[in-house]
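Peer 1: Compute the structure for the input listed below.
(chains A and B)
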Amino acid sequence: MRRFIKDLSKAHAFVFIYGIMTILLFANVILLSMHWQNTGSKNTILPRYHFYAIFPGSNDPFWADVKQGIVQAATSSNVAIEFNQLNTGDNAGTLDYLNIARLSKVDGIITQGSSDSQIAQAINSAVDAGIPVVTLETDAKNSKRKAFIGANSYLIGEQAARLIIQGTSGKARVAIIMSGNAQTDTTAQNSMLNGFLTTLKDAPDAQMVKIYTANPGILNTEEIAQTILRQKDVNAIYSVDPLFSVGVAQTVINANEVGRLTIVGYGLSPEIESYIQRGIIYGIVAGNPLTIGSDSIKALLELKEKNHTSSVIDTGITMVTRDTLANYQKSAALVTAGEKP
Amino acid sequence: MINLRKYFHLTGLRRQLVFFALAVVIILASSSIYSYYNAGLINRQANNIFQDYEYINNLNVAINNVEQDLEDYLATQSSYSLMNYYSASNKLQALLEQRKFKVGTDERSLQLEDVHNMTAAFLTEADAAVYARRGNMITLGLSHLDQSKQIADYIHKVMNNLVDNTLNDETQKYQKLKKNTQASMLFGTGFILFALGLSIILIFVFTYRVTRPVVELAEAAQRIAHEDFDVKLNENTPKNEIGILTKTFNQMVVSLRNYIANMQQKAEMENRLKEQEMYNLRMRSLLRDAEYKALQAQINPHFFFNTLNHAAQLAMLEEAEETYIFIHQASALFRYSLKGGENPVNLKDEVENVFTYANIIKARFKDRIKFEFEIDENALLQPVPGLILQPLVENAFFHGLEHITHQGLLKLRVYREEGLTRVEVIDNGEGISEKRLEELRKGETDREDNLNQMGIGLHNVRQRLEIFYGENRGELLEIESRAGLGTVVRLNLPQNRGSRSEGMEYMSDQGRERDA
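Peer 2: Below you'll find the predicted structure:
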């Protein structure tokens, strides 16, 4: 302290004080200018378009990734997105939001398609009002929707069957768990089933035992999974919903039957990844949700600016088994970081 | 204007004072400005939150009002309810226009935009219903009412979402604000404390810096007041008025010291002059002493000389030649004595005077005393103070020869030797005791002792010689004596007079005064 005072009283004390004074003056000027600036209006760039997205809630990892893809694409092209996320299969909600979007005169609508005629009607009236509509993941084929963005269902079935054959060395006795609520695009499911069964026939020893139908939800699936486990002749399960896959895997672990069943699912989540890693789930077939998201924005922008886009946009299929998991995770990390793989 | 400018004429100490005061002010002001900025920020954020709440609430109420008024009108068809409907609808539209839409990408802005557009659709339907009702097309009116109700439902749905979102957002904002407020309060407190501490330190340091030279100056001034002039201030002072003061002070001390030294020198000189004066006074008093003694013998010189002259004439008339000579010589002796010892005379005059004196003594004592003279004629021009030989001869006669039984011999010898003129008065009288001789040589005489005439005579002669020739010219007067055999008093007179000319001049002055 004494030395500090001594230093202060020397000649360079003036330099020190000048320094402090200058810094404080600058700080004051900056603070005051910030104060006055903040009282003024915000100068944010106006978004080019206001798009409206309607699809199931973000507790589903698939839709969370879709949302992420949309947000990334929207941010980079300066588009505002209003998300309205519902519970899975809430057709009434979807209908309301479609009407709201139409009445709100948004610039474009992204929605999960459905075979429901009311929804198709709502989509039609929106399109009639001049609002382009694109459907994601499941299509609404009998509507005037401008484009469908998603995987080819037939291909998904085909690839799933290949995984089952691969996992059981061709001697598969498969039980299928299908989604059974009203919103489900039956056309898409049928097409997928078609692809699955057709491919399964390629292996002479493989056969489909039974098709179960469940409402989405882990508890529902567990009940079915237990039923399947009791049938000793079933050695493979194909579940078409990510939540189904998790439910089946948990049931298998609880019943201490790991290794007896070859489980093939649809869709990825960190939980499923860990089951694949541990060998409980043999593999999955997945659409590319990030691509679906970003492609939907691209399609809408094309529709707004060129008034035209391709009616079906195939976003491809990813197959993940224990062997390819590491590679998938690496490329997914790159995409999440905002770079194209 | 000119008056103002003088306040901004900053030099030296003034600039320093202003500079430091400004530093402290700026530091403290900074903390205030920071607090002000923070308070403004928090206030604005809080305001935003409440404005949002208020706006959403107003919007909700306005939509409800329009709905209600519309139903009222369709049910009652009164002009009053129609007025109500229009005013409510205007209010709603005004409220909607308040917000600039398409302002952001956040969900609430988008939802507000939805509400805005849907409200427009709702109002269109409502207006259509009103129009139909006024045209009495009841079915069409009801259909439009249904439509508008449907839209109102949608609006409420979105509004609910909006309210939910608003609550959610604003709660989050509020929590963030609370955290920020705490952090900025903490920082602000720290900053204020820092500013305070820095200011206090600056004040102390600055006060010390500014006043230290003044304090030193004051201490130095105090020392000078106590006559301690050995003061030198450190000249390494700031370049301000105090620095100038310090330098000036140092110069002043130096001048003062020089002045005092001069004064001392002057005093010393005066002292020496005074000493000189004292010396002169002493010499004058010695002279007076000699004069006094001479006067003792001359009661009334004129009368005395006249008497003597008359006696001499009488002796001549009576043809007593010896008497005439005696009286004549006695007269010469007295005249010489009366002439005084003030003016320097020649040794010759002195010798002649002694000769006259010897004749008188001879006439009185006949053959009991024999006088001998051995004179070097060349030495007779030597200047000497007057009346120096006669006292010596008198002393020799009265103290040496008066009481002896054998024939006394008194010899005056003048000769030159080693650049000195030596004059010796030699007698073969009773001599002087060792003790007495010592006293005489030292010049210690007891002036109270009346019997010591000789001592006084010798002392007087020695002192006058010293004054005449200068004190440091060696032994001017020597006495040698042996009891029963005789005494020699010797004068060693320098042939050239010494530097001690003041005495001579003084004597000349005296003489001149007397001549005048």
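Peer 1: For the rest of this, base every contact and every neighbour count on C-alpha atoms.
Peer 2: Will do.
Peer 1: Could you list the low-pLDDT ranges of chain B?
Peer 2: B:1-2, B:99-105, B:237-238, B:294-301, B:340-343, B:443-456, B:471-474, B:497-516 (pLDDT under 70).
Peer 1: near chain A at all, the longest helix seen in it?
Peer 2: Using DSSP state H to define each element, chain B has its longest helix at helix B:138-225. Yes. Counting by CA under 8 Å from any CA of the partner chain, chain A has neighbours in helix B:138-225: B:151, B:154-155, B:201, B:205-206, B:209.
Peer 1: Show the pLDDT at whichever residue of chain A sits closest to chain B.
Peer 2: Going by CA to the nearest CA, chain B is nearest to residue A:104 of chain A, at 4.4 Å. Per-residue confidence (pLDDT) for residue A:104: 87.
Peer 1: got the contact list for it?
Peer 2: Shown in contact with residue A:104 (CA atoms under 8 Å, 6 or more residues apart in numbering or on different chains): B:113-118.
Peer 1: which of those count as buried?
Peer 2: Buried by 16 or more other CA atoms under 10 Å in any protein chain shown: B:113-118, out of these.
Peer 1: ranking the residues of helix B:138-225 next to chain A by neighbours, who comes first?
Peer 2: Within the residues of helix B:138-225 next to chain A, most neighbours by other CA atoms under 10 Å in any protein chain shown means residue B:155, with 27 neighbours.
Peer 1: List the contacts of the nearest residue to it once chain neighbours are set aside.
Peer 2: Spatially, and ignoring its direct neighbours in sequence, residue B:155 is nearest to residue B:115 (6.0 Å; CA to CA, 6 or more residues apart in numbering or on different chains). Shown in contact with residue B:115 (CA under 8 Å, 6+ apart): A:104, B:155, B:158-159.
Peer 1: Repeat that for residue B:258.
Peer 2: Residues near residue B:258 by CA under 8 Å, 6+ apart: none.
Peer 1: which stretch of helix or strand covers it?
Peer 2: helix B:241-296 (DSSP states H and E).
Peer 1: relative to helix B:138-225, how tilted is that helix?
Peer 2: Here the directions of helix B:241-296 and helix B:138-225 differ by 10 degrees (axes from the mean of the first three to the mean of the last three CA atoms, to 10 degrees).
Peer 1: coming back round to it: secondary structure and distance to residue A:177 added to the contacts of residue A:104, as a markdown table?
Peer 2: Shown next, in a markdown table, are the contacts of residue A:104 (DSSP: H, G, I helix; E, B strand; the rest coil; distance: CA to CA, whole Å):
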| residue | secondary structure | distance to residue A:177 |
| --- | --- | --- |
| B:113 | helix | 43 |
| B:114 | helix | 40 |
| B:115 | helix | 42 |
| B:116 | helix | 45 |
| B:117 | helix | 44 |
| B:118 | helix | 42 |
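Peer 1: what sits up against stretch A:198-208?
Peer 2: A:158, A:161-162, A:165, A:170-176, A:197.
Peer 1: Contact residues of the stretch 401-516 of chain B facing chain A?
Peer 2: Counting by CA under 8 Å from any CA, the stretch 401-516 of chain B has no residue next to chain A.
Peer 1: quick one: the strands in chain B?
Peer 2: B:345-346, B:369-375, B:383-384, B:408-417, B:420-427, B:477-482, B:486-494 (DSSP state E).
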